[in-house]
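> Turn this into a model:
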Amino acid sequence: MPPEAVALEGYTGYFADARRRGYSGVAIYTKRAPLAVTRTCGWEEMDAEGRFLQLDFGNLTIASLYAPSGISGAARQSLKLRFLDHLLGLLAALRARGGHHIVCGDFNVAHREIDIYDPVRNRGVTGFTPAERATFDAILASGWVDAFRAVNAEPRQYTWWSNWPQAWIRNLGWRIDYQIVSADLAPLVRAASIYKEQRFSDHAPVTIEYDVAL
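Below you'll find the model as predicted:
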């Protein structure tokens, strides 16, 4: 990352980096100092890939995660499924603590048919397999809410586009980037949007506004 991205004026950045340079990692920028910083999801192999970061602000925790994509082959897809199962347990532990929780990031799963441009053709493709979607179902059934869908039920709301010709222009995308929140926060979601005015990545930023004070 260039220095101007690491040190944003008015913010302090917290990072969980992969040991392999340039491979992966997550970050959170904040104007207020957290009470605690956690850079582990409790799984050493995934921690080595910089997959999870959590900041605690008293009664509110905010986490950033990056799930493996699974696209490079069967071994990585198996690892991805294990990560999602591990995440289910991690999220259950967070909920058991009480308080408010927001978990943001690239889950690398299009949850429902509305979240992918061609659910029929892509059924069974990594990122839209029954096993991955079932785990996402289990996460939401355990007391979590998809914050974007709490206020936006419109179709064709995507956050990632492949490099296929015309995919971005024709909006042939997937919604794989989420903010999931503990159920108590769902009524406090005020707005949700996906930034598409410029394209600077194969992903687009997701902005959620909450009526929550730190």
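> And the strands in this structure, which stretches?
12-17, 25-30, 36-38, 52-57, 60-66, 100-106, 144-146, 160-161, 173-174, 177-182, 189-194, 206-210 (DSSP state E).
> Tabulate the ones you listed (CSV), appending distance to L90.
C-beta: built from backbone N, CA, C; applies to glycine. Shown next, in CSV, are these (distance: least, C-beta to C-beta, whole Å):
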stretch, distance to L90
strand 12-17, 14
strand 25-30, 14
strand 36-38, 11
strand 52-57, 8
strand 60-66, 9
strand 100-106, 9
strand 144-146, 11
strand 160-161, 23
strand 173-174, 24
strand 177-182, 12
strand 189-194, 22
strand 206-210, 21
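> out of the ones you listed, nearest to L84?
Among the strands of the chain, strand 60-66 comes nearest to L84, with 10.6 Å by C-beta to C-beta.
> Parallel or antiparallel, which strands does that closest one pair with?
Strands adjacent to strand 60-66 in the sheet, as given by DSSP bridges, are strand 52-57 (antiparallel), strand 100-106 (parallel).
> For that strand, give me every contacting residue.
Strand 60-66 is contacted from outside by 16, 24-28, 30, 41, 50-55, 87, 94, 97, 99-107, 212, 214, using C-beta atoms under 8 Å, 6 or more residues apart in numbering.
> Which members of the residues you listed are classed as buried?
Buried subset of those (neighbour count, 16 or more other C-beta atoms under 10 Å): 16, 24-28, 41, 50-55, 87, 94, 100-107.
> sorry, back to before: what's the closest of the strands paired with strand 60-66 to A5?
Of the strands paired with strand 60-66, nearest to A5 by C-beta to C-beta is strand 52-57, at 16.0 Å.
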